[in-house]
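Peer 1: structure for the following, please:
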Amino acid sequence: MRITGVIQAGGRSTRMGGEPKALLELGGKRIVERVVDALAATLDDLLVVTNTPERYEFLHLPMVGDRYPDGGALGGIFTGLAAAAGDAAFTVACDMPFLHPDVVRLVLARAGEGDVVIPRVDGQYETMHALYAKACLAPMEARLRAGQLKITGFFPDVRVLEIGADAVSRHRVPAIVFMNVNTPDELARARALASELS
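Peer 2: Numbers count the residues shown, from 1 in each chain. Modelled structure (predicted):
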């Protein structure tokens, strides 16, 4: 199965005062570069979903504009999956500085066993660290056209394989690996964490 790594960089960063959070520096690199490094360690084929391609040209990756700009994260996931050259897309957010290649591999290893392969921690699906097969496109688009933007809304229409927190914990604490940086406080915490981890 061919899998494309998709980085979602379509958010407006409003809680960060409008400054693109993916471009903030953390541990000597921009957050999005850390994301790319983690994905590139496991996948050869990467692309970025963004409506501001000029910001991400330095990554030298293919970019695609959001097909549903008002479709929230579901629209971004749909866009990346539709554009993916592979049979499935492993989708992550651009603001997850502590992605771990081994946790990515944990999800990829179960590709084909479900249309969605997704970690679930404390009852919460990690929708921005999940694999979506092309079979998800039609049910996703039906929700988008109906204005139903909850990411998990289409899950009843597809096969969902959950990966438990215990499996993730063997590689890195789930609260760290799935952490994203939305506010100045979270950025400060992530920077402190980065120096601890290094």
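Peer 1: how about the strands of the chain, start to end?
Peer 2: Under the criterion DSSP state E, strands of the chain are mapped to 3-8, 25-26, 29-30, 46-49, 63-64, 88-93, 116-121, 124-125, 129-133, 160-164.
Peer 1: can you state the direction angle for the first one and strand 129-133?
Peer 2: Put plainly, it is strand 3-8. 130 degrees (axes from the mean of the first three to the mean of the last three CA atoms, to 10 degrees).
Peer 1: please begin residue numbering at 759 from this point
Peer 2: Sure thing, new numbering starts at 759, so read that last one as strand 761-766.
Peer 1: strand 761-766 packs against which elements?
Peer 2: Applying 3 or more CB pairs under 8 Å, 6 or more residues apart in numbering; DSSP states H and E, we find strand 761-766 packed against helix 789-798, strand 804-807, helix 830-841, strand 846-851. Any C-beta I mention is one placed from the backbone N, CA and C, and that applies to glycine too.
Peer 1: span of stretch 848-866 from start to end?
Peer 2: 8 Å (CA to CA, to the nearest Å).
Peer 1: report the buried residues of that stretch.
Peer 2: For stretch 848-866, the neighbour count (16 or more other CB atoms under 10 Å) marks 848-859, 861-862, 864-866 as buried.
Peer 1: how about the helices and strands packed on strand 761-766, which one is nearest Ala946?
Peer 2: Of all the helices and strands packed on strand 761-766, helix 789-798 sits nearest to Ala946, with 13.4 Å by CB to CB.
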